[in-house]
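A.B. asks: all I have is the shape, not the residue letters:
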DNA sequence: GAAAATAGGGTTAAAATAATCCTATTTAAC
DNA sequence: GTTAAATAGGATTATTTTAACCCTATTTTC
C-alpha cells in the first residue's frame, strides 16, 4: 500500500519531540511515550534504532534517557527512515533477488530503482529543522 | 518497508506487455502469465482492477482477453498504482483516522500528506510510453 | 452444447509488522 | 552496597496485510 511503518512514525515523533526540548536535554522513553501517546515498549525499540544510527545518544542508569546526537539542521527524514527501516526498497528484488520469479528477465528494475532513489531524495530534502518550521506554521 | 505490492508489479508488467503488442490486440491472461512468468490467477485479479479503472477493456468468451483501453501516452504509472492499490496513503490515518492513537494531536500529518502527493506526482510523471522508452535503452 | 475466456466471491497460507514479555546491565542516590 | 530508574536487547506472541488458491458463474464462439 506504499505506507510508512508505525515504528518510523514513532521515531519521527520522538525526534521532533527531542528537538523541541533542545539538543542537550535528556528525555526518557517514558516521558516521550506519555507526552506523545505511544506505547513505551515499542517506542523504546525505535529509540534503540535511532541510537545505533547515530541520530540519538543514550545515557543509561537513573536520570538516563536519550538526546539528539546531532544538530537538527543535519538530520533528515531520510536518515530516520534508514535508521529504522533500512534503506527503502520499492521492489522486493532489491532486498532478495530470488524473491522474484522473473528476476533475470525483468524489464522494470531500472525504472523502479530510479524511482526509489527519487523517493529517498524527497525524504532527504527535509531536515528536522525544516520539518519543525513547517509544523509551526 | 515502503514497498510496492506484488499485485501492482503484476499489473505494470501486464500493461507494458500489452503495450508492446499494440493497442488493438487482445491478449489472454494465460498468454501474459506464461510469457511474463506469473501466476495466472493472481494476474487475473490485477487485470480485473485495471479494467475497473478503465485502463484495460475486456472481451469475454472464446477468443476473449484484455487490451489497453487508452493510448500509452495517456496512461501513467500512477494510474496503474491507483487502479490496483487505491490512492497511496503514506500514513494509516489517511485511510482510517481512528487507526492512530494520537490523531487529534499529531503534528506530522500535513508534512506526510505533502510527501505523499510528491510521491504520487513522481509516479504520474512516467507514462507507459516513456517507461517503454526507458526500458529499450 | 462444449470449450475457452473473463468475473468475482470466498477461503487459506504466508509474510510482515506490531506488541508484549522478560531479563540483563548501567548508574545515581540513599 | 542496596535499591530504584533507566537503557539494551533477545524472544515470543498477536495482529494485520498480502498473496495465493479454489470454486462457481457468466459470456461468447464454434
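C.D. replies: Done, it's in. None of the values given here were measured: they were computed from a predicted structure.
A.B. asks: neighbours of the closest residue to residue A:122 other than its chain neighbours, just the number please.
C.D. replies: Leaving aside its sequence neighbours, residue A:122 sits nearest to residue B:118 (C-beta to C-beta, 6 or more residues apart in numbering or on different chains; 5.5 Å). (Each C-beta comes from the backbone N, C-alpha and C, glycine too.) Neighbourhood size, residue B:118 [other C-beta atoms under 10 Å in any protein chain shown]: 15.
A.B. asks: surely residue A:66 is within a strand?
C.D. replies: Yes. Under DSSP: H, G, I helix; E, B strand; the rest coil, residue A:66 falls within a strand.
A.B. asks: from memory it sits against residue A:27, does it?
C.D. replies: Yes. The criterion here is C-beta atoms under 8 Å, and residue A:66 meets it with residue A:27 at 6.2 Å.
A.B. asks: got any residues that touch both of the two?
C.D. replies: Residues touching both residue A:66 and residue A:27 by C-beta atoms under 8 Å, 6 or more residues apart in numbering or on different chains: residue A:18.
A.B. asks: which one of these two is surrounded by more residues?
C.D. replies: residue A:66 (25 against 19).
A.B. asks: give the contact list for the more buried one.
C.D. replies: By C-beta under 8 Å, 6+ apart, the neighbours of residue A:66 are A:14, A:18, A:26-29, A:47, A:50-51, A:56-59.
A.B. asks: at 7 Å what do you get?
C.D. replies: A:18, A:26, A:27, A:47, A:56, A:58 (C-beta atoms under 7 Å, 6 or more residues apart in numbering or on different chains).
A.B. asks: near DNA strand C, which residues of chain A are found?
C.D. replies: Contact residues (C-beta under 7 Å from any atom of the strand) of chain A with DNA strand C: A:5-7, A:39, A:41-42, A:45, A:59-64, A:92, A:99.
A.B. asks: try 6 Å
C.D. replies: Counting by C-beta under 6 Å from any atom of the strand, chain A comes close to DNA strand C at A:5, A:6, A:7, A:39, A:41, A:42, A:60, A:61, A:62, A:63.
A.B. asks: quick one: those as JSON lines, columns for secondary structure too.
C.D. replies: Putting those into JSON lines (three-state DSSP) gives the following:
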{"residue": "A:5", "secondary structure": "coil"}
{"residue": "A:6", "secondary structure": "helix"}
{"residue": "A:7", "secondary structure": "helix"}
{"residue": "A:39", "secondary structure": "coil"}
{"residue": "A:41", "secondary structure": "helix"}
{"residue": "A:42", "secondary structure": "helix"}
{"residue": "A:60", "secondary structure": "coil"}
{"residue": "A:61", "secondary structure": "coil"}
{"residue": "A:62", "secondary structure": "coil"}
{"residue": "A:63", "secondary structure": "coil"}
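A.B. asks: now the residues you listed: which count as buried?
C.D. replies: For the residues of chain A next to DNA strand C, a burial check counting by 16 or more other C-beta atoms under 10 Å in any protein chain shown picks out residue A:6.
A.B. asks: widest-spaced pair of the residues of chain A next to DNA strand C?
C.D. replies: A:5 and A:62 (31.9 Å; C-beta to C-beta).
A.B. asks: so what's the residue sitting nearest the centre point of chain A up against?
C.D. replies: Geometric centre of chain A, nearest residue: residue A:80, 2.4 Å, by C-alpha atoms, centre = their mean. Counting by C-beta under 7 Å, 6+ apart, residue A:80 touches A:8, A:11, A:12, A:15, A:55.
A.B. asks: got TSV for the residues you listed, with distance to residue B:124 too?
C.D. replies: Listed next are those as TSV, based on distance: C-beta to C-beta, whole Å:
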residue	distance to residue B:124
A:8	24
A:11	29
A:12	26
A:15	30
A:55	32
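A.B. asks: could you pull out the strands for chain A?
C.D. replies: A:56-59, A:65-68 (DSSP state E).
A.B. asks: break down chain A into its helices, ranges please.
C.D. replies: A:6-21, A:29-32, A:40-52, A:77-85, A:109-124, A:128-136 (DSSP state H).
A.B. asks: looking at those helices, which has the lowest confidence?
C.D. replies: Here the lowest mean pLDDT among those goes to helix A:128-136, at a mean of 90.
A.B. asks: is it in proximity to chain B?
C.D. replies: Yes. Contact of helix A:128-136 with chain B is found when judged by C-beta under 7 Å from any C-beta of the partner chain, involving A:131, A:134, A:135.
A.B. asks: brilliant, that's me finished.
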